[in-house]
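K.L.:
Give the three-dimensional model of this entry:
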Amino acid sequence: MKPLKIHFISIGGSVMHNLAIALHQQGHQVTGSDDEIYEPSRSRLEPFGLLPRQFGWFPENIHTGLDAVILGMHARPDNPELRKARDLSLPVYSYPEFVYRQSLHKQRVVVAGSHGKTTITSIILHVLRYHKRTFDYLVGAQLDGFDTMVQLTDDAPVIVVEGDEYGTSPIDPQPKFLHYQPHILLISGIAWDHVNIYPTYESYVHQFELLADSMSKAGTIVFDDTDDMLDVIALKEREDVTRQPYDVHPYRIENGRTLLVTRQNGEVPVLVFGEHNMKNISGAMAVCDRLGVPEDLFYEAIQSFRGAHKRLEKVAESAQTTIYRDFAHAPSKVEATTAAVRDQFPDRNLVACVELHTFSSLNKSFLNQYHDTLARADVAAVFYSPHTLEMKRLEPISPAEIVAAFDRPDLQVFTDAGALQTFLKSQLNGHPTIYLLMSSGNFGGLNVESLT
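P.N.:
As a prediction, the model looks like this:
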């Protein structure tokens, strides 16, 4: 392929900077701009010479010599570089549109759903790499053994994409996943989230219906058979589309160790745990089967899968204490993750802490979705920042309202990271303790390692 000249507007985004690096490594001439770039994007762009020399938006970056402009979600619709690109009639793409155009001749696999999609995508990539298959990918988290979150090549016959339901770009509000037109689609489950974008459950579910309707002919939809709403979506008649349900993979727990129970391969030890991860394994196995990886080869590879970054990730351990971090912030994820740790370590003291950090989780009308989600923890705490509420222009929330929403009278609520840290350390009482910290943020700068 002829090298392209590509400019990124808002190059610092998590996927955007990875796509920029991937295209640079493929020999394309890449430039980019942004008004601010945080870590780890900054340190990852710099070695490749892709970090903008000056932060801000400069119309002179846009010229007729460019083959494409890729627009990130962080930019505004009135961005001066975007305006000039349009004035010059340059091709402007969101990153999903660009990835789709680069994968027109590939078999496209899209993994979507409210929960589990990063882990399922990661399992598929791990299995394919373990067996030295050639593939491209786009995933929403940094994975062990993968230099970038994006890879686009000329020769890979398949691309595996984690598809999310967030808006595509400042000028395209539809979900990103509607651009990919998958040949194989997996939907892991639907639980209402992103109330700032989808104010009703029905509007949220409708996006997944549209995704299923966008499939290529002769495609396959793989879906969680235990999700009633997915039954409705997946069982809708679609011309030339195969339906393949999956469920929790049979397993048992022995001394804090999870073993998959299989028909022909005996008991297979795995490093991840929890019923939700047993579903993730089943879904990934169904996709891998469609990609020509039989069960015995899947079971061989899955034994070395350590999980995706910040998905039930063990971050510290001592003789009496183990600390897990998880990206869980939506109610369904909090409940599933807490249950997973409880089942895996039934004899340990489980201290579970959730940070309310996203627009949905800090929205008063959504708070009651957290009802009973921490019921299986021995000790439960919630952290939130009143400043974050102000920044998101949401109504103030009182600790009493949070306690009522979670329906747990002994729930401890904190707005100060230091007070939270003191409380968590006070839970060490000589009994083996698991700390489960669930957030897409950082608990106001909590020093996690000090808890050991």
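K.L.:
give me the low-pLDDT residue ranges for the stretch 201-350 of the chain?
P.N.:
For the stretch 201-350 of the chain, the stretches with pLDDT under 70 are 228-232, 234-236.
K.L.:
now do 90
P.N.:
Scanning the stretch 201-350 of the chain for pLDDT under 90 picks out 201-206, 208-209, 212-218, 224-243, 255-256, 306-320, 327-333, 336.
K.L.:
can you give me the end-to-end distance of stretch 69-81?
P.N.:
In stretch 69-81, first residue to last residue: 10 Å (C-alpha to C-alpha, to the nearest Å).
K.L.:
mind listing what's buried in that stretch?
P.N.:
For stretch 69-81, burial by neighbour count (16 or more other C-beta atoms under 10 Å) applies to 69-75, 79-81. Backbone N, C-alpha and C define where each C-beta goes, glycine included.
K.L.:
ok, now stretch 414-428?
P.N.:
Neighbour counts over stretch 414-428 (16+ other C-beta under 10 Å) mark 414-415, 417, 420-421, 423-424, 427-428 as buried.
K.L.:
End to end on stretch 137-153, go ahead and measure it.
P.N.:
Note: stretch 137-153 ends 10 Å apart using C-alpha to C-alpha.
K.L.:
So which of the buried residues of stretch 414-428 are in strands?
P.N.:
F414 (DSSP state E).
K.L.:
I'd like to know which of the buried residues of stretch 414-428 is nearest to V293.
P.N.:
V293 has its nearest neighbour among the buried residues of stretch 414-428 in L424, at 42.3 Å by C-beta to C-beta.
K.L.:
Spit out the contact partners of that closest one.
P.N.:
Contacts for L424 (C-beta atoms under 8 Å, 6 or more residues apart in numbering) come out as 351, 353, 381, 435, 451.
K.L.:
Mind doing that once more with 6 Å?
P.N.:
Going by C-beta atoms under 6 Å, 6 or more residues apart in numbering, L424 touches L451.
K.L.:
before we move on, back to that, possible to save the buried residues of stretch 414-428 as TSV with pLDDT and distance to S385?
P.N.:
Shown next, in TSV, are the buried residues of stretch 414-428 (pLDDT from 0 to 100; distance: C-beta to C-beta, whole Å):
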residue	pLDDT	distance to S385
F414	95	10
T415	93	6
A417	91	9
L420	93	11
Q421	92	15
F423	93	16
L424	92	17
Q427	89	22
L428	80	25
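K.L.:
Pipe the buried residues of stretch 414-428 into a markdown table and attach distance to K176 per row.
P.N.:
Output for the buried residues of stretch 414-428, formatted as a markdown table (distance: C-beta to C-beta, whole Å):
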| residue | distance to K176 |
| --- | --- |
| F414 | 34 |
| T415 | 34 |
| A417 | 33 |
| L420 | 34 |
| Q421 | 37 |
| F423 | 39 |
| L424 | 36 |
| Q427 | 40 |
| L428 | 43 |
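K.L.:
Next, count neighbours for the nearest residue to A375 once chain neighbours are set aside.
P.N.:
Leaving aside its sequence neighbours, A375 sits nearest to R408 (C-beta to C-beta, 6 or more residues apart in numbering; 7.1 Å). Neighbours of R408 under the rule other C-beta atoms under 10 Å: 19.
K.L.:
R408 is in what secondary structure piece?
P.N.:
Using DSSP states H and E, R408 sits in no helix or strand.
K.L.:
tell me the residue furthest from the middle of the chain?
P.N.:
T64 (36.2 Å; C-alpha atoms, centre = their mean).
K.L.:
Grab the nearest non-local neighbour of it.
P.N.:
The shortest distance from T64 to any non-neighbouring residue, by C-beta to C-beta, 6+ apart, is to L88 (5.9 Å).
K.L.:
how many other residues sit next to the one you found?
P.N.:
Counted by other C-beta under 10 Å, the residues lying close to L88 total 13.
K.L.:
Tell me where this structure has helices.
P.N.:
14-25, 41-45, 80-87, 95-102, 117-130, 201-213, 228-234, 275-290, 295-302, 331-344, 386-391, 399-406, 417-426 (DSSP state H).
K.L.:
how much space between the residue farthest from the centre of the chain and D78?
P.N.:
Distance, T64 to D78, by C-beta to C-beta, to the nearest Å: 22 Å.
K.L.:
do the same with P173
P.N.:
Distance from P173 to D78, by C-beta to C-beta: 16 Å.
K.L.:
now swap in S33 and tell me
P.N.:
Here the criterion is C-beta to C-beta. By it, S33 lies 15 Å from D78.
K.L.:
do the same with T153
P.N.:
Counting by C-beta to C-beta - T153 and D78 are separated by 36 Å.
K.L.:
swap in P409?
P.N.:
49 Å.
K.L.:
Nearest spatial neighbour of T358, chain-adjacent residues omitted?
P.N.:
Spatial nearest neighbour of T358, chain neighbours left out: H329 (5.5 Å); criterion: C-beta to C-beta, 6+ apart.
K.L.:
OK, contacts around the one you found?
P.N.:
So H329 contacts 358, 361, 439-440 (C-beta under 6 Å, 6+ apart).
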